[in-house]
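*Asks:* turn this into a structure:
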Amino acid sequence: MELHVGWDLDKETNEYRVKELVYSGSGSGKLPQDIAKLTKLRILWITDNNISGTIPKDIGNLTDLELLGIYQCPMYGEIPKSIGKLKKLHTLWISKTNISSSIPKEIGKMNTLEKLDLSDNQLTGEIPTELKNVQHINSIELSRNHLSGRFPIEILHPNMIFYCENNDITELPFDIWKDELPAVRQCFMEIG
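*Replies:* Next up is the predicted model:
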């Protein structure tokens, strides 16, 4: 397993702080819950390994986090509601895991979010309409989950790319066919 740790000198406290953690490769073990204590962390990237466990429920304490990526590893549990406190996050990528919760509506509080990829998990429930509050988002990928219910067209923004295939969405509002709908760059989904 490759572990990369980046740090900088915090000029306010004159202490070295961990700013970047990247776990990649063939490692295994559980993700330590104490990661939520690294409050100056800007990048947390866990990819292509056997790191398991849950996303720390206090992940929202990482208020400087800009990129959170968990890809192709056996993480399980839920996406914590505290994730909505990550006000500097521009990329949230949790894909090819065993995460099995609903999508927290608190993601709608993440005003700096540009890319949301929650594809290839075990997510359930409806797509939260609160995603309409994320005004700078340009890409949402929710494909290959177990999402259900009505598709919330109000979350679509101009020039957005949206993927939602292979879910259990049962209702597509007629308004999606109206000319007043924002010009979405690409929108791929299937109903029923």
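*Asks:* okay, now residue 28: neighbour count?
*Replies:* Residues within reach of residue 28, counting by other C-beta atoms under 10 Å, total 11. Placement of C-beta: from N, CA and C, glycine included.
*Asks:* ok now the helix or strand encompassing residue 76, how far from the chain's centre?
*Replies:* Using DSSP states H and E, the element containing residue 76 is strand 75-77. Chain-centre distance of strand 75-77: 14 Å, with C-alpha atoms, centre = their mean, to the nearest Å.
*Asks:* which strands and helices sit next to that strand?
*Replies:* strand 50-54, strand 98-99 (3 or more C-beta pairs under 8 Å, 6 or more residues apart in numbering; DSSP states H and E).
*Asks:* ok, residues contacting the longest one?
*Replies:* Strand 50-54 is contacted from outside by 23, 26-33, 73-78, using C-beta atoms under 8 Å, 6 or more residues apart in numbering.
*Asks:* do the last one as well
*Replies:* Outside of strand 98-99, the residues within contact range by C-beta under 8 Å, 6+ apart are 55, 70, 74-79, 118, 121-123.
*Asks:* for that strand, which strands pair with it and how are they oriented?
*Replies:* In the sheet, strand 98-99 lines up against strand 75-77 (parallel) (DSSP bridges).
*Asks:* likewise the longest one?
*Replies:* Strands that pair with strand 50-54, judged by DSSP bridges, come out as strand 28-30 (parallel), strand 75-77 (parallel).
*Asks:* quick check: mean pLDDT across it?
*Replies:* Averaged across strand 50-54, the pLDDT comes to 91.
*Asks:* now do stretch 17-37
*Replies:* 83.
*Asks:* in it, what's buried?
*Replies:* 17-24, 31, 35-36 (16 or more other C-beta atoms under 10 Å).
*Asks:* swap in stretch 45-63?
*Replies:* 45-49, 51-56, 59-62.
*Asks:* go through these and name the one nearest residue 160.
*Replies:* Of all these, residue 160 sits closest to residue 45, with 24.3 Å by C-beta to C-beta.
*Asks:* quick check: beta-bridge partners of that closest one?
*Replies:* Residue 45 has these beta-bridge partners by DSSP bridges: residue 22, residue 69.
*Asks:* where's the residue nearest the centre of the chain, which helix or strand?
*Replies:* In the chain, the centroid-proximal residue (C-alpha atoms, centre = their mean) is residue 92; its distance is 3.3 Å. Here residue 92 sits within strand 91-95, counting by DSSP H and E.
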